[in-house]
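Undergrad: sequence and predicted model, in that order:
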Amino acid sequence: MSILGWILFGSVVGVVAKFLMPGRDGGSFALTIVVGILGAVVGGWIGRAVGWYQSGDPVGFVMAVVGAILLLALYHVFTRRPGRFGEIR
């Protein structure tokens, strides 16, 4: 797949992952694309490593979204600001 194809695929995967991920996300559209691309790579690698599918199978889209959701969850963990009860005065 060409670079432009990965960017397009990553943006679709990132938007779907953001739609499915609960909570507010302050990330930009560029972050959505990056998370989508990385999620596609991570999800595809995990799915093929476990043997769930081969390269080019349609289920790869699902695994790409799962990978992007995992990366979004990690993003939320590391960028979370302390809430009202977590603040130090």
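TA: Received the coordinates, thanks.
Undergrad: CA atoms for contacts and neighbours, from now on please.
TA: Will do.
Undergrad: so who does the residue most central in space within the chain touch?
TA: Nearest to the mean C-alpha position of the chain, counting by CA atoms, centre = their mean, stands residue 68 at 1.5 Å. Going by CA atoms under 8 Å, 6 or more residues apart in numbering, residue 68 touches 13-14, 17, 35-40, 42-43.
Undergrad: need those in JSON lines (columns: distance to residue 64).
TA: Putting the contacts of residue 68 into JSON lines (distance: CA to CA, whole Å) gives the following:
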{"residue": "13", "distance to residue 64": "7"}
{"residue": "14", "distance to residue 64": "9"}
{"residue": "17", "distance to residue 64": "9"}
{"residue": "35", "distance to residue 64": "10"}
{"residue": "36", "distance to residue 64": "7"}
{"residue": "37", "distance to residue 64": "8"}
{"residue": "38", "distance to residue 64": "8"}
{"residue": "39", "distance to residue 64": "5"}
{"residue": "40", "distance to residue 64": "4"}
{"residue": "42", "distance to residue 64": "7"}
{"residue": "43", "distance to residue 64": "5"}
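Undergrad: these two touch, right, residue 54 and residue 48?
TA: Yes: if you go by CA atoms under 8 Å, residue 54 and residue 48 touch, sitting 6.0 Å apart.
Undergrad: where in the chain is pLDDT low?
TA: Applying pLDDT under 70 to the chain flags residues 1, 22-27, 81-89.
Undergrad: quick one: the strands in it?
TA: In the chain, no segments count as strands under DSSP state E.
Undergrad: helices of that one, start to end?
TA: If DSSP state H is used as the criterion, the helices of the chain fall at 3-20, 29-50, 59-79.
Undergrad: name the member of the contacts of residue 68 that has the highest neighbour count.
TA: residue 36 (33 neighbours; other CA atoms under 10 Å).
Undergrad: need the residues that contact stretch 7-22.
TA: Stretch 7-22 has contacts (CA under 8 Å, 6+ apart) with 25, 32-40, 61, 64-66, 68-69, 72.
Undergrad: for that stretch, buried residues please.
TA: Within stretch 7-22, the residues scored as buried using 16 or more other CA atoms under 10 Å are 7, 9-18.
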